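Asks: Coordinates for the following, if possible.
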Amino acid sequence: MKSLYLEMAKLLQKGESFAVVTILDNIGSAPRTTGAKMVVRADSSSVGTIGGGRLEADAIRLAMEMMISKQTMIQNFDLTGKDVAAMDMICGGKGKLLIDFIDTNDENNCMIYEAAIEFLERREKAWLITVLGNNPGASGLTRQQCLVKPDKTLIGKVDCDPYILEKLIAGPAKISIHAEAIDNQHFLVETLRPAGTVYIFGAGHVSQRIAPLSESVGFRTVVLDDRADYANRERFLEPTEIRVIESFRQLPDLEIDEDSYLVIVTRGHLFDKIVLEQVLRSNAGYIGIIGSRSKRDLVFKELMNQGYGKEEIDRVYAPIGTNIGAETPEELAVSIVGELIKVRSERENTVPNLRSSGSGTCCRILDPDAGA
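Replies: Numbers count the residues shown, from 1 in each chain. Sure, this is the predicted structure:
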């Protein structure tokens, strides 16, 4: 995500307009999922992908047309049936694309995309809200956009139903993308946020394999251990963060929140349990502990005897990782990071309800023909 927004900001700084293609919704085995983006430059080159093949080629063609007409549009796509078979394609599916013209002469665009980079650099959350409306007498859609900061103030300005805007500002969804049509306006909410922080407790061989893989899929990664000869730059390269702590018995303040993923892989059963006791009642989005089922059962029994409830213990992923028959540290790392990706994806796909106080129609898919 960050690289795409860097490209957008760079193009605006150079005075170049461009188009952004976003998959709004898909049904079936489309090449990419909802929220996938691609930036199309004025010379028809692109950054990012929405899956390649015919869909991407058609999207680039439409993006070029939108840059000429300086308009924004939504386009249905259908990659099922005879077209897929004839082109020997692997993926099919149906859905909608937003093809959004970003005008370099619009100061609002420059403010928003420069601010987006700042938030991504600081690993802070922000929400991009796009409001589209019918444009009488023209083929394209009217377009407004703003960025909601973590303190709920806005960068940019949109003109829409105050009730809807208040709902969006008060609590944007923690999802990749969400769209609704209400009272002849169409609202697209996209989360600009860090992909989450993975705290790895223990700096052993498994951790050494987890860290670079975790970083490669977008997580900020922090490794903690009380042994400086394990938690060091010779074993863990940048950008993984390393923290040598005094003891696992008293963890430092880690600012654990719902975007935190806790991977407990210390050097032994005792330390795993000690760490788990301290984080079990946190609001972490994920807590996983390494070990066999018999080890898990023993740890859980001890925790129950200490007063922890079944609901608390049921939060823990144990044994950690997806079941792929992993044995080596490399295989275990793939298993664990795969589970982190799965949990992150599931959390992002919770859909909110933004019904207005009036009688507007609310729908899951952004549809330019939907009305009140």
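Asks: in which helix or strand would I find P212?
Replies: In this assignment (DSSP states H and E), P212 forms part of helix 205-216.
Asks: I'd like to know which elements that helix is packed against.
Replies: Packing partners of helix 205-216 (3 or more C-beta pairs under 8 Å, 6 or more residues apart in numbering; DSSP states H and E): strand 197-201, strand 220-225, helix 329-348. C-beta: built from backbone N, CA, C; applies to glycine.
Asks: shaky segments in the protein?
Replies: Within the chain, the segments meeting pLDDT under 70 span 1, 25-33, 79-93, 136-139, 171-181, 183, 193-194, 348-372.
Asks: Now do the helices in this protein.
Replies: Counting by DSSP state H, the chain has helices at residues 2-13, 53-69, 82-86, 107-121, 162-170, 205-216, 269-279, 293-305, 310-313, 329-348.
Asks: So which of the ones you listed is the most surrounded?
Replies: helix 205-216 (a mean of 21; mean count of other C-beta atoms under 10 Å).
Asks: returning to what we had before: nearest to Q75, out of the helices of the chain?
Replies: The closest of those to Q75 is helix 53-69. By C-beta to C-beta, the value is 5.9 Å.
Asks: how about the closest one as PDB, C-alpha atoms only?
Replies: Taking C-alpha atoms only, helix 53-69 is exported to PDB below (Å, rounded to 0.1, in the frame of the first residue of the first chain):
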ATOM      1  CA  GLY A  53      -4.600 -10.400 -17.900                       C
ATOM      2  CA  ARG A  54      -7.700  -9.100 -19.700                       C
ATOM      3  CA  LEU A  55      -9.100  -7.300 -16.700                       C
ATOM      4  CA  GLU A  56      -6.000  -5.200 -16.100                       C
ATOM      5  CA  ALA A  57      -5.600  -4.400 -19.800                       C
ATOM      6  CA  ASP A  58      -9.200  -3.200 -20.000                       C
ATOM      7  CA  ALA A  59      -8.800  -1.200 -16.800                       C
ATOM      8  CA  ILE A  60      -5.700   0.600 -18.200                       C
ATOM      9  CA  ARG A  61      -7.600   1.400 -21.400                       C
ATOM     10  CA  LEU A  62     -10.500   2.900 -19.400                       C
ATOM     11  CA  ALA A  63      -8.100   4.700 -17.100                       C
ATOM     12  CA  MET A  64      -6.600   6.400 -20.200                       C
ATOM     13  CA  GLU A  65     -10.000   7.500 -21.400                       C
ATOM     14  CA  MET A  66     -10.800   8.900 -17.900                       C
ATOM     15  CA  MET A  67      -7.600  10.900 -17.900                       C
ATOM     16  CA  ILE A  68      -8.500  12.400 -21.300                       C
ATOM     17  CA  SER A  69     -12.100  13.200 -20.200                       C
END
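Asks: wait, what's in contact with the residue lying closest to E121 once chain neighbours are set aside?
Replies: Spatial nearest neighbour of E121, chain neighbours left out: K2 (7.9 Å); criterion: C-beta to C-beta, 6 or more residues apart in numbering. Counting by C-beta atoms under 8 Å, 6 or more residues apart in numbering, K2 touches 117, 120-121.
Asks: before we move on, what about G285?
Replies: 196, 257-261, 343-344, 347.
Asks: make it 7 Å
Replies: G285 makes contact with 196, 258-261, 343, 347 under the criterion C-beta atoms under 7 Å, 6 or more residues apart in numbering.
Asks: what's the answer for L340, then?
Replies: Contacts of L340 (C-beta under 7 Å, 6+ apart): 198, 214, 219, 261, 286.
Asks: From those residues, pick the one nearest S335.
Replies: For the contacts of L340, the nearest to S335 is S214 (12.5 Å; C-beta to C-beta).
Asks: Contacts only, for the closest one.
Replies: So S214 contacts 198, 221, 337, 340 (C-beta under 7 Å, 6+ apart).
Asks: Next one: the residue nearest to E121 relative to E339, how far apart?
Replies: 24 Å (C-beta to C-beta, to the nearest Å).
Asks: Also Q208?
Replies: Q208 is 18 Å from E339, by C-beta to C-beta.
Asks: who's in contact with I287?
Replies: I287 touches 262, 279-280, 315-317, counting by C-beta under 7 Å, 6+ apart.
Asks: Can you tell me which of these end up in strands?
Replies: Residues of the contacts of I287 located in strands (DSSP state E): 262, 316-317.
Asks: Those residues into CSV, with extra columns for neighbour count?
Replies: Converted to CSV, these look like this (neighbours: other C-beta atoms under 10 Å):
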residue, neighbour count
L262, 24
V316, 20
Y317, 20
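Asks: What is the nearest of those residues to A36?
Replies: Using C-beta to C-beta, the ones in strands among the contacts of I287 come closest to A36 at Y317, 27.3 Å.
Asks: ok, that closest one to E7 distance?
Replies: 36 Å.
Asks: now T130
Replies: From T130 across to E7, the span is 18 Å (C-beta to C-beta).
Asks: Same question for I74.
Replies: 23 Å.
Asks: do G48 as well
Replies: With C-beta to C-beta as the criterion, G48 and E7 are 8 Å apart.
Asks: Name the residues contacting each of the two.
Replies: The contact lists of G48 and E7 share V39, where a contact means C-beta under 7 Å, 6+ apart.
Asks: how about the helices and strands packed on helix 205-216, which one is nearest T322?
Replies: Among the helices and strands packed on helix 205-216, helix 329-348 sits nearest to T322 (C-beta to C-beta), with 4.8 Å.
Asks: Export only the CA atoms of the closest one, formatted as PDB.
Replies: Provided in PDB are the C-alpha atoms of helix 329-348 (Å, rounded to 0.1, in the frame of the first residue of the first chain):
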ATOM      1  CA  PRO A 329      12.000 -23.600  11.500                       C
ATOM      2  CA  GLU A 330      11.500 -22.400   8.000                       C
ATOM      3  CA  GLU A 331       8.300 -24.400   7.600                       C
ATOM      4  CA  LEU A 332       7.000 -23.400  11.100                       C
ATOM      5  CA  ALA A 333       7.600 -19.700  10.100                       C
ATOM      6  CA  VAL A 334       5.500 -20.200   6.900                       C
ATOM      7  CA  SER A 335       2.800 -21.800   9.000                       C
ATOM      8  CA  ILE A 336       2.700 -19.100  11.700                       C
ATOM      9  CA  VAL A 337       2.800 -16.100   9.300                       C
ATOM     10  CA  GLY A 338       0.200 -17.800   7.200                       C
ATOM     11  CA  GLU A 339      -2.100 -17.800  10.300                       C
ATOM     12  CA  LEU A 340      -1.300 -14.200  11.000                       C
ATOM     13  CA  ILE A 341      -2.300 -13.300   7.400                       C
ATOM     14  CA  LYS A 342      -5.500 -15.200   7.800                       C
ATOM     15  CA  VAL A 343      -6.500 -13.600  11.100                       C
ATOM     16  CA  ARG A 344      -5.700 -10.100   9.700                       C
ATOM     17  CA  SER A 345      -7.800 -10.800   6.600                       C
ATOM     18  CA  GLU A 346     -10.800 -12.000   8.600                       C
ATOM     19  CA  ARG A 347     -10.700  -8.900  10.800                       C
ATOM     20  CA  GLU A 348     -10.600  -6.600   7.800                       C
END
